[in-house]
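Chemist: The amino acid sequence is not available; the structure is as follows:
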């Protein structure tokens, strides 16, 4: 029973982490789109990549986690850092 409870709590924590990351993404994209009037091609590409990853995270959130998504979460964090760098 303890194992079942810890697994459920683990999935809940992953869900919350993915949800928080996705909200951060969405806000960053809105900030970037509102502050950059004429983005460069590289910035546009970074925004598109970030939107694609945010969409993938939404799909992950929509279904139950069957396996740990650390690679996707790390990729999201990396892309978010790239987008923030392009914003400056």
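Modeler: Arrived safely, thanks for sending. All figures in this text were calculated on a predicted structure; none of them were measured in a lab.
Chemist: how about the longest helix belonging to the chain: buried residues?
Modeler: With secondary structure taken from DSSP state H, the chain has its longest helix at helix 2-35. Using 16 or more other Cβ atoms under 10 Å as the test for burial, helix 2-35 gives 14, 18, 21, 22, 25, 28, 29, 32. Placement of C-beta: from N, CA and C, glycine included.
Chemist: Could you do stretch 38-46 as well?
Modeler: For stretch 38-46, the neighbour count (16+ other Cβ under 10 Å) marks 39, 43, 46 as buried.
Chemist: Dump the residues you listed into CSV; add pLDDT and distance to residue 53 as well.
Modeler: As requested, these are exported to CSV (pLDDT from 0 to 100; distance: Cβ to Cβ, whole Å):
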residue, pLDDT, distance to residue 53
39, 70, 18
43, 76, 16
46, 78, 11
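Chemist: Filter these down to the ones in helices?
Modeler: In helices, defined here by DSSP H, the members of those are 43, 46.
Chemist: between the buried residues of stretch 38-46, which is closest to residue 54?
Modeler: Checking those against residue 54 by Cβ to Cβ gives residue 46 as the nearest, at 12.4 Å.
Chemist: circling back: which one of the buried residues of stretch 38-46 sits closest to residue 56?
Modeler: Distances from residue 56 to the buried residues of stretch 38-46, taken as Cβ to Cβ, are shortest for residue 46 (15.7 Å).
Chemist: Please tell me how far that closest one sits from residue 40.
Modeler: Relative to residue 40, residue 46 is positioned 9 Å away (Cβ to Cβ, to the nearest Å).
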